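Colleague: For reference, the sequence and a predicted model appear below.
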Amino acid sequence: MTLFTAETPFESAAIFTFGLQFSGFIVAYALQTEKFYDILGSGNFLLLGIWSFFASSSPYAAVSAAATVLFVISRLWLLLFLGWRAHERKGDSRFDGVKDKAGMFFFYWMMQALWVYCITLPIIYINTIFTLEDDVSSTLTVYQVVFLVLFGVCIFTEIVGDVQKTLWVRRGREGGFCTVGLWKYSRHPNYFGEIFQWWSAFFLILPILFEKPSVYGWACILSPLFTCFILLYAGGTGLTNAEGSGLKRYYENATLADDYKSYRENTSILIPMVGYGSIPNGIKRVLLFEWDRYEYKPQTSPTSKEDADFQNEQSRLSAETA
């Protein structure tokens, strides 16, 4: 099977992605290391995006070229950032007690394969949907320009948010929680950028989906939906990790509690904005992701020393990844 032909792009991408991540698992388990887990995931993104573009059987549409460039910028940043973070931390605590268990370690690698595949679907689609018989436009429509700009703005937001948070940490975490730059207007601007760039990518291809409907085409909605699941719902990562019980480090710190409460009440959880404090709570709950599951609820029952140690470790990890 030839990779990324107009006939089998989605099947080929799946075989390549799951094969690559399975190979990564074999090597990582044999060496008992997780150090190249994030790097192999990010590199997989880049390979899918670039190869699907250059192996397309059609003349390159302007929208395909523009979307691929933005995709490469987004995933190249992810590769650099996660590679740097792995080097700084000299390991990844997510894999403590996991990498020596073949079944669980294998699950982590296959989840990464699913993540890479789902996220990349819109780019694979837009790079391979056109054929030589199509009248491929060499110019962009107004609609395409709008969503390409939104795609780019979200990528820029994620990169700036990551850089600002990293510099704040390296300066000694002044103030106890990050309020510099974009973090003054959103409690998680990096997550905002990651989520909405894939919604932008999906809406970018939406007119083509109606023009050339297919099962694989409509499956592209898995890209933003899977991102939302990981960052909004999945345990141990995203907002579920950073908010909720992860806020213990602020609310049970007498020095930070009042300041953080004020920051939280006046700063959007996700979408950067001003005037958040004046928005009714009902609107925040329904439209702005300020859900009850992200509220801090102190434990009222006594906990064992082991439970307390575990909660403290989770709070530490939340501070590092939020």
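Modeller: Looks like it came in fine.

Colleague: in the protein, which segments are predicted with low confidence?
Modeller: 1-7, 57-60, 89-93, 131-138, 300-322 (pLDDT under 70).

Colleague: Give me the spatial nearest neighbour of the most centrally placed residue in it, chain neighbours excluded.
Modeller: Of all residues in the chain, the one closest to the mean position by Cα atoms, centre = their mean is E194, 4.5 Å from it. Setting aside the residues directly before and after it, E194 is nearest to E158 in space (Cβ to Cβ, 6 or more residues apart in numbering), at 5.4 Å. Yep, even glycine has a C-beta here, placed from its N, CA and C like the rest.

Colleague: again, but for F10
Modeller: Per Cβ to Cβ, 6+ apart, closest to F10 is Y216, 4.5 Å.

Colleague: With R75 as the reference, measure out to that neighbour.
Modeller: 21 Å (Cβ to Cβ, to the nearest Å).

Colleague: of these two, who's got more company?
Modeller: R75 (25 against 15; other Cβ atoms under 10 Å).

Colleague: what about that one, distance to G41?
Modeller: From R75 to G41 the distance is 9 Å (Cβ to Cβ).

Colleague: Can you give the distance from the helix or strand hosting F25 to the centre of its chain?
Modeller: In this structure, F25 is located in helix 9-31 according to DSSP states H and E. Centre-to-centre, helix 9-31 and its host chain are 20 Å apart (Cα atoms, centre = their mean, to the nearest Å).

Colleague: other SSEs contacting that helix?
Modeller: helix 37-54, helix 102-128 (3 or more Cβ pairs under 8 Å, 6 or more residues apart in numbering; DSSP states H and E).

Colleague: Just the residues contacting it, thanks.
Modeller: Under the contact criterion Cβ atoms under 8 Å, 6 or more residues apart in numbering, helix 9-31 has outside partners 1-5, 34, 36-37, 40-41, 44, 47-48, 52, 99, 102, 105-106, 109-110, 112-113, 116-117, 120-121, 124-125, 127-128, 216, 219.
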